[in-house]
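Asks: need coordinates for the below:
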Amino acid sequence: MKLSRIIATTIKELKQMSRDKKLYPLLFVAPTLQIIILGYAATFDIRSIPTAVLNRDSTPLSREYIRSFRHNGYFAVNFEVTHRDEIYRLLDRGLVKVGIEIPLDFERNLKRGMPSPVQFIVDGTESNSGTIALNYARIITETFSSQLIMNRIDLAALGAGDFLGSFRRERGRTTLIENRTRLWYNPDLSSADFMVPGVICMILLIVTTNLTALSIVKEKEIGTMEQLLATPLKPSELIVGKLIPFIIIGFIDVLFILIIGYLVFSIPVRGSIALLLLLSFFYLFSTLGLGIFVSTIVNTQEQSMIITFLIVLTMNTLSGVMFPIENMPQIIQYLTYFMPIRHFAIIVRGILLRGIGMEILWPQVLALFLLGITTLALSINRLRNRLQ
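Replies: Residues are numbered from 1 along each chain as shown. Coordinates of the predicted model:
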């Protein structure tokens, strides 16, 4: 291979891209919209859950229990009903997601030290939202119950070994255990901090794979590929010259998305940006190789877009960017090891959110390097044989 021919091919590609005005929105506008929309919309935080309450007890303690749901921001008690059927109707019409029924003798049973079951009726149409709402309700109820127990403990009697007598006072002043929680890496539990680094992986996969496949297929479709092959260019020089512009575009997109994430969502950057760019280079091997592979199995740009969409959608869904891999079937978990986006997502979140380096990320880096080199080499070899 001659460097001068590769450089000439790269310049030709860059000039051709600069004349394609429709390409600019795909390179810059689309990533901007994706990161903003996904950053705001793709969130696992659920707040102001529409809730209906049936309070059969109507005592000060039952009303205090309801207030614990009103004042935490997670539930919005929009309806107070008098019959259970009203909760069912509200759930059927989609006006509420949660129904709470407080039984008779709620306060009396609790003051006697007896359990008083509260019924929660949760809309399970959206299983994830229903599970989160149920967990919120469980935590609020457990906290409320713990406070009742602590308020009845007599520490003097408890210290003297009289466990039963320790509950004879109505209110105590000191809790036995104080819970202090410290969250690392994402103290505010912000979904944007989790999602935006993953969007970097998704956008790089979508843009570079699409552009590579479309560029090569377009040359074949309009007949210019034969003209290029009639020149002194070797197939390997042609391929490398075509790939370099997409590598440059990939790096620009990474920086572009990082800037937007920092300015719009205040995404922390605790690690080395230089290391992230270096490891992005290995990731691009895989995405560019995937684009080349798609170009070898299709003949038109429409076919290329459909095949790329199916591959990218599958990888994004199974990569762990949006859904935990640990919750997937075992065989699918093994399959994700062959998806470069899985390893790159761990790298991006590790560098940006945790500030870790190669000493911890080396298994992902090694997997990314091997997958990238293998994908790119096999795809280039397949394309070279087809061109020849």
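
Asks: could you use CA atoms for every contact and neighbour count after this?
Replies: Will do.

Asks: low-confidence ranges in this protein?
Replies: 1, 41-45, 150-182, 188-189, 226, 228-229, 386-388 (pLDDT under 70).

Asks: break it down into its domains, please.
Replies: Per the record, the chain has its domains at 3-43+190-387, 49-152, by automatic domain parsing.

Asks: how about the one helix or strand residue 67 maps to: buried residues?
Replies: Using DSSP states H and E, residue 67 sits within helix 60-70. Within helix 60-70, the residues that count as buried by 16 or more other Cα atoms under 10 Å are 61, 62, 65, 66, 68, 69, 70.

Asks: who does it touch, helix- and strand-wise?
Replies: Packing partners of helix 60-70 (3 or more Cα pairs under 8 Å, 6 or more residues apart in numbering; DSSP states H and E): strand 75-81, helix 106-111, helix 127-152.

Asks: and the residue most central in space within the chain, what is it in contact with?
Replies: A centroid search over the chain (Cα atoms, centre = their mean) returns residue 322, at 3.2 Å, as the residue closest to the centre. By Cα atoms under 8 Å, 6 or more residues apart in numbering, residue 322 lies in contact with 195, 198, 316.

Asks: which of the residues you listed has the most neighbours?
Replies: In terms of neighbours by other Cα atoms under 10 Å, the contacts of residue 322 top out with residue 198 at 26 neighbours.

Asks: my guess is that residue contacts residue 321. True?
Replies: Yes: shown here, residue 198 and residue 321 form a contact pair, counting by Cα atoms under 8 Å, at 5.2 Å.

Asks: any common contacting residues for those two?
Replies: With Cα under 8 Å, 6+ apart as the test, residue 198 and residue 321 both reach residue 345.

Asks: picking that back up, can you list the contacts of residue 322 in CSV and add secondary structure and distance to residue 212?
Replies: Below are those laid out as CSV (DSSP: H, G, I helix; E, B strand; the rest coil; distance: Cα to Cα, whole Å):
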residue, secondary structure, distance to residue 212
195, helix, 26
198, helix, 22
316, helix, 18
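
Asks: and of these, the nearest to residue 40?
Replies: Nearest to residue 40 out of the contacts of residue 322 is residue 195 (Cα to Cα; 9.2 Å).

Asks: nearest residue to the closest one in space, please, no chain neighbours.
Replies: residue 39 (6.2 Å; Cα to Cα, 6 or more residues apart in numbering).

Asks: can you redo the domains of the chain as JSON lines with distance to residue 183?
Replies: Formatted as JSON lines, the domains of the chain follow (distance: least, Cα to Cα, whole Å):
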{"stretch": "domain 3-43+190-387", "distance to residue 183": "11"}
{"stretch": "domain 49-152", "distance to residue 183": "17"}
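
Asks: most packed of those domains?
Replies: domain 3-43+190-387 (a mean of 18; mean count of other Cα atoms under 10 Å).

Asks: what ranges do the strands span in the stretch 101-250 of the chain?
Replies: 119-122 (DSSP state E, counting those that start in this stretch).

Asks: ok, which of the domains of the chain comes nearest residue 184?
Replies: Closest among the domains of the chain, using Cα to Cα: domain 3-43+190-387, at 8.4 Å.

Asks: chain center to the closest one, what's the gap?
Replies: 18 Å (Cα atoms, centre = their mean, to the nearest Å).

Asks: CA atoms of the helix or strand hosting residue 346 as PDB?
Replies: Taking DSSP H and E as the definition, residue 346 sits inside helix 340-349. Taking Å, rounded to 0.1, in the frame of the first residue of the first chain, the C-alpha atoms of helix 340-349 are listed here in PDB:
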ATOM      1  CA  PRO A 340     -18.500  -4.400  21.100                       C
ATOM      2  CA  ILE A 341     -21.100  -1.900  22.400                       C
ATOM      3  CA  ARG A 342     -21.400  -3.800  25.600                       C
ATOM      4  CA  HIS A 343     -17.700  -3.400  26.400                       C
ATOM      5  CA  PHE A 344     -17.600   0.200  25.300                       C
ATOM      6  CA  ALA A 345     -20.600   1.200  27.400                       C
ATOM      7  CA  ILE A 346     -18.700  -0.100  30.500                       C
ATOM      8  CA  ILE A 347     -15.600   1.900  29.400                       C
ATOM      9  CA  VAL A 348     -17.500   5.100  28.800                       C
ATOM     10  CA  ARG A 349     -19.400   5.000  32.100                       C
END
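
Asks: angle of whichever helix or strand comes after that helix against helix 340-349?
Replies: Once the chain leaves helix 340-349, the next helix or strand it forms, by DSSP H and E, is helix 358-387. Relative orientation of helix 358-387 with respect to helix 340-349: 150 degrees, computed using axes from the mean of the first three to the mean of the last three Cα atoms, to 10 degrees.

Asks: and helix 358-387, what does it pack onto?
Replies: Short answer (3+ Cα pairs under 8 Å, 6+ apart): helix 358-387 packs on helix 235-265, helix 273-297, helix 340-349.

Asks: would you convert the helices and strands packed on helix 60-70 into a markdown table that also reports distance to residue 25?
Replies: Listed next are those as a markdown table, based on distance: least, Cα to Cα, whole Å:
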| stretch | distance to residue 25 |
| --- | --- |
| strand 75-81 | 40 |
| helix 106-111 | 61 |
| helix 127-152 | 34 |
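
Asks: closest to residue 379 out of those?
Replies: With Cα to Cα as the criterion, residue 379 lies closest to helix 127-152 of those, at 39.0 Å.

Asks: which residues touch stretch 290-297?
Replies: Contacts of stretch 290-297 (Cα under 8 Å, 6+ apart): 208-214, 216-217, 304, 307-308, 375-376, 379-380, 382-383, 386.

Asks: swap in stretch 112-125?
Replies: Against stretch 112-125 from outside (Cα under 8 Å, 6+ apart): 91, 97-103, 105-106, 109-110, 130-131, 133-134.

Asks: stretch 74-93 now?
Replies: 46-56, 69-70, 96-99, 101, 123, 136.

Asks: which residues are in contact with stretch 51-65?
Replies: 75-84, 87, 90, 96-107, 144.

Asks: check the offset of that stretch from the chain's centre.
Replies: How far stretch 51-65 lies from its chain's middle: 37 Å, per Cα atoms, centre = their mean.

Asks: returning to that earlier point: in TSV, list the buried residues of helix 60-70 along with distance to residue 336.
Replies: Converted to TSV, the buried residues of helix 60-70 look like this (distance: Cα to Cα, whole Å):
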residue	distance to residue 336
61	51
62	49
65	45
66	45
68	42
69	40
70	42
